[in-house]
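# Here is a sequence together with a model predicted from it:
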Amino acid sequence: MRVVKSRSRAEIAALREAAYLAAWPAHKQQEALQDSVLRGDSTKLTQMVADFAEIRARFPNPEETA
């Protein structure tokens, strides 16, 4: 018999948050948003969104893997 431990939604949320902040610290997230809104340059925002999607794929919610 094989025992598999799955992470709770709270554990996944904590892992995602840490990964988001490691990849894009808060000041870099703010900069990406400001560049997009104030300057019309969405290059950084597009990259941030792609990075966040990769993080979500790396840490899926338990019901998404079942």
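Nice, I can see it.

# going forward, measure contacts and count neighbours with C-alpha atoms only.
Noted.

# Does residue 29 lie in a helix or a strand, and which?
Assessed by DSSP states H and E, residue 29 sits inside helix 26-34.

# and what of residue 44?
Residue 44 belongs to helix 43-58 when elements are defined using DSSP H and E.

# Run through the neighbouring helices and strands of that helix.
helix 9-23, helix 26-34 (3 or more C-alpha pairs under 8 Å, 6 or more residues apart in numbering; DSSP states H and E).

# which one of those lies closest to residue 54?
helix 9-23 (10.1 Å; C-alpha to C-alpha).

# My read is that residue 41 contacts residue 33, right?
No. Using C-alpha atoms under 8 Å, residue 41 makes no contact with residue 33, being 9.3 Å away.

# Tell me how many other residues crowd residue 22.
Each residue near residue 22 was counted by other C-alpha atoms under 10 Å, and the total is 10.

# Kindly report the same for residue 39.
9.

# what residues are up against it?
Residue 39 makes no contacts at all, as judged by C-alpha atoms under 8 Å, 6 or more residues apart in numbering.

# what's the spacing between it and residue 45?
Separation of residue 39 from residue 45 (C-alpha to C-alpha, to the nearest Å): 12 Å.

# Identify the contacts common to those two.
The overlap between the contact sets of residue 39 and residue 45 (C-alpha under 8 Å, 6+ apart) is empty.
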